[in-house]
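[1] this one's sequence-less:
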């Protein structure tokens, strides 16, 4: 009875039938089961999968597994704000497309995706759309004619270890793995009843105040978006400025190591994040920021929880400039080793981790005439992301990269 009541409450919040929704052991498990189940159910149609370049790693890992098993994957690019274009999804659809995936909103920069429009073109083509709604479900239903939806309770303040998977009636779906009688055969294992009940109850509670809280948090994040560039030089606020979730704001600081900045802010009493939200523990450059073409180093992601205090935001804005300045002072000491070869200024940054190559580029760009070239030698993989992003921010021309005897050579032309 408790499980049935929780399922009905969750289905009402999602906007689906109760018999279309099953509970899983996590949001990641829901994604993996949803992707694999639809691909298997529509195998006769084809083995082509479409994903966006900024999906959560759970979706991208499922795509990698599908590709390793002989399937094909098209990854749709995003603009500098992190959003896909509807036309790009329409162009990616093929006669053998079995499934398309698109998140409702991005987990790192808060950008909301055009799910309604993409679902429309997918429906017209007869292709189901799976929506990863983990980040947005606490704020409201996902509109549009989607076919499959996934969510994760901890994202809306519920307990960890509870996910949900919705498969609309009429969608061909073949659960993978050994058969299990529970959860319509789509989620093996005994249900965690206390956690599921808590997940459904917390979703209803959060939704009851979501509209009012969204207005308040949006004002606070807009305050951060507007004031950070004025308080801290050489900062880019990333993500779509309008179509965005209420409580997430992300910015990237030039000439700053993100992890060092996080430690400084932590000492001041602020818990923020850097890099990819799904791979931050590995210090791997964010695939989301890479796809957007913005800085991956010096990245700060602020997530305001429900009830976040205005005073805390104000104190964060007071602390941030000094923290960034302190980190920049520590990292600004290295002096670039430069030589001139064939009228090209060569900067040797081999063996130095980002953001040092960018710092050294910034120090010497003024030493070359307008139209002149700088060749930066670097072997840190993050330089491949950060040097083009620096050029975009500073109005310089990124020419490209070429192999070098050691590492990679990145060519920049001074434009201003």
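    Sure, I can see it. All values derive from a computational prediction rather than experimental measurement. Numbers count the residues shown, from 1 in each chain.
[2] chain center to stretch 301-314, what's the gap?
    Mean-position distance between stretch 301-314 and its chain equals 20 Å (CA atoms, centre = their mean, to the nearest Å).
[3] how about it: buried residues?
    301-304, 306, 308, 313 (16 or more other CB atoms under 10 Å). For the C-beta atoms, the positions are set from N, CA and C on the backbone; glycine is no exception.
[4] Out of those residues, which is nearest to residue 201?
    Using CB to CB, residue 306 is the member of the buried residues of stretch 301-314 that sits closest to residue 201, with 14.9 Å.
[5] In strands only, show me the buried residues of stretch 301-314.
    Per DSSP state E, strands hold the following members of the buried residues of stretch 301-314: 301-303.
[6] Nearest to residue 5 among those residues?
    Nearest member of these to residue 5, counting by CB to CB, is residue 303, at 30.7 Å.
[7] list the contacts for the closest one?
    Counting by CB atoms under 8 Å, 6 or more residues apart in numbering, residue 303 touches 247-248, 272-273.
[8] Name the nearest of these relative to residue 331.
    Nearest to residue 331 out of the contacts of residue 303 is residue 272 (CB to CB; 18.7 Å).
[9] Can you give me the distance of the closest one to residue 9?
    Here the distance between residue 272 and residue 9 works out to 33 Å (CB to CB, to the nearest Å).
[10] re earlier: just the contacts of residue 303: which are in strands?
    residue 248.
[11] domain ranges for the protein?
    If you go by automatic domain parsing, the domain ranges for the chain are 2-205, 211-331, 337-413.
[12] I'd like those laid out as JSON lines, including mean pLDDT.
    As requested, the domains of the chain are arranged in JSON lines below (pLDDT from 0 to 100):
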{"stretch": "domain 2-205", "mean pLDDT": "96"}
{"stretch": "domain 211-331", "mean pLDDT": "89"}
{"stretch": "domain 337-413", "mean pLDDT": "90"}
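[13] Not counting its neighbours along the chain, what's nearest residue 14?
    Using CB to CB, 6 or more residues apart in numbering and skipping residues adjacent in sequence, the residue nearest residue 14 is residue 166, 5.9 Å away.
[14] Three-state assignment for that neighbour, please.
    Look at residue 166: counting by DSSP: H, G, I helix; E, B strand; the rest coil, its state is strand.
[15] same thing with residue 390?
    Three-state call for residue 390 (three-state DSSP): helix.
[16] same thing with the one 3 residues further on?
    Applying three-state DSSP to residue 393 yields a three-state assignment of helix.
[17] Quick check, central residue of this structure?
    residue 108 (4.0 Å; CA atoms, centre = their mean).
[18] was I right about that one contacting residue 287?
    No: assessed by CB atoms under 8 Å, residue 108 is found out of contact with residue 287, at 9.2 Å.
[19] before we move on, the earlier item: what residues are bridge-paired with the residue nearest to residue 14?
    Beta-bridge partners recorded for residue 166 (DSSP bridges): residue 21, residue 149.
[20] burial count for residue 83?
    Other residues within reach of residue 83, judged by other CB atoms under 10 Å, total 21.
[21] ok, it - contacts?
    Residues near residue 83 by CB under 8 Å, 6+ apart: 111-114, 240, 243.
[22] just to revisit the earlier point, nearest to residue 402, out of the ones in strands among the buried residues of stretch 301-314: which one, please.
    Ranked by distance to residue 402 (CB to CB), these are led by residue 301 at 33.1 Å.
[23] list the contacts for that closest one?
    Neighbours of residue 301 in contact, by CB under 8 Å, 6+ apart: 108-109, 248-250, 272-274, 277.
[24] beta partners of it?
    Per DSSP bridges, the residues bridged to residue 301 are residue 250, residue 273.
[25] roughly how far apart are it and residue 221?
    For residue 301, the distance to residue 221 (CB to CB) stands at 11 Å.
[26] which residues are in contact with both of these two?
    What both residue 301 and residue 221 touch, as defined by CB under 8 Å, 6+ apart, is the set 248-249.
[27] end to end, how far does stretch 246-264 reach?
    End-to-end distance for stretch 246-264, by CA to CA, to the nearest Å: 26 Å.
[28] What number of neighbouring residues does residue 196 come out with?
    Quick note: residue 196 (other CB under 10 Å) scores 23 neighbours.
[29] ok but it is inside a strand, no?
    No: read with three-state DSSP, residue 196 is helix and lies in no strand.
[30] Confirm for me that it is in contact with residue 164.
    No: between residue 196 and residue 164 there is no contact under CB under 8 Å: 9.1 Å.
[31] Residue 63 contacts residue 73, correct?
    Yes: the criterion here is CB under 8 Å, and residue 63 meets it with residue 73 at 4.8 Å.
[32] joint contacts of those two?
    49, 51.
[33] the more surrounded of the two?
    More crowded of residue 63 and residue 73, by other CB under 10 Å: residue 63, with 23 against 16.
[34] For that one, pull up the helix or strand it's in.
    helix 57-68 (DSSP states H and E).
[35] Give me the packing partners of the helix or strand just after that helix, helices and strands only.
    Counting by DSSP H and E, the next helix or strand C-terminal to helix 57-68 is strand 72-76. Helices and strands touching strand 72-76, by 3 or more CB pairs under 8 Å, 6 or more residues apart in numbering; DSSP states H and E, are strand 48-52, helix 57-68, helix 86-92.
[36] tilt between the second one and strand 48-52?
    Comparing the axes of helix 57-68 and strand 48-52 via axes from the mean of the first three to the mean of the last three CA atoms, to 10 degrees yields an angle of 150 degrees.
[37] Format the helices and strands packed on strand 72-76 as TSV; extra columns: distance to residue 213.
    Shown next, in TSV, are those (distance: least, CB to CB, whole Å):
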stretch	distance to residue 213
strand 48-52	28
helix 57-68	27
helix 86-92	30
